[in-house]
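Enquirer: I'd like to go over a predicted model; first the sequence, then the structure.
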Amino acid sequence: MTSPLLDNLLARIVDSGLLDEPVAENGLIYGRASIDAAGTVVTVNVDPELDDDDDAVDGEELVAALARILSVNETRWRAVIDEVADDIDEAVDDEPVIEQVDLRDDLEATSVVVFADAVLLAFDAPKQFPDSRILVQLDDELEIANIEVRDRDGSAPQ
């Protein structure tokens, strides 16, 4: 069962054509979409955060945030990738990695979660961090707010 607010958001997303075969369940809209600047198709979740304040859900804002990340230009996408790689390279410094390769070339976008005021990108880096996911939070201007490397089970790596 979905709420009228979620049904309305689903209708807006269907009308926008941004997601392939979107569905609403468990308070989220799910689908797949292409990030052209990344050259990849990702799983997309749109989270209207219905538990927080149902009256504050702004479907137009969520669709605009979804459109913004999916249509990010190559220059901005490269800047995000560069900042993520630089940040992680600094953090791991001389720690051993599985395979020495430029992290910029290893990062593969796998999913996007869209909130009204933020976007969460998930990346795999199968050569350097095969047992981890890299989570990158972007603000509404697509500037990096946070970067985390998490074990696949959700915990922070040791």
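Expert: Received it, and whenever you're ready, just let me know what you need.

Enquirer: run through the helices of the protein in chain order.
Expert: 4-16, 59-70, 74-92, 103-106 (DSSP state H).

Enquirer: CSV please, covering the ones you listed and showing mean pLDDT.
Expert: CSV is the format used below for those (pLDDT from 0 to 100):
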stretch, mean pLDDT
helix 4-16, 93
helix 59-70, 93
helix 74-92, 91
helix 103-106, 90
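
Enquirer: can you say which of these is nearest to A125?
Expert: helix 103-106 (4.4 Å; CB to CB). No exception for glycine: its C-beta is placed from N, CA and C like everyone else's.

Enquirer: could you list the buried residues of the closest one?
Expert: L103, D106 (16 or more other CB atoms under 10 Å).

Enquirer: C-alpha coordinates for it, PDB please?
Expert: As requested, the backbone C-alpha atoms of helix 103-106 are provided in PDB (Å, rounded to 0.1, in the frame of the first residue of the first chain):
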ATOM      1  CA  LEU A 103      41.100   5.300  -8.300                       C
ATOM      2  CA  ARG A 104      39.500   7.700 -10.900                       C
ATOM      3  CA  ASP A 105      39.600   4.800 -13.300                       C
ATOM      4  CA  ASP A 106      38.400   2.200 -10.800                       C
END
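
Enquirer: for it, packing partners?
Expert: Applying 3 or more CB pairs under 8 Å, 6 or more residues apart in numbering; DSSP states H and E, we find helix 103-106 packed against helix 74-92.

Enquirer: who does the helix it packs on touch, helix- and strand-wise?
Expert: Contacts defined by 3+ CB pairs under 8 Å, 6+ apart place helix 74-92 against helix 103-106, strand 129-139, strand 144-151.

Enquirer: how about I134, nearest residue that isn't a chain neighbour?
Expert: F123 (4.2 Å; CB to CB, 6 or more residues apart in numbering).

Enquirer: one step back: E21: which of the helices and strands packed on helix 74-92 is closest?
Expert: strand 129-139 (24.2 Å).
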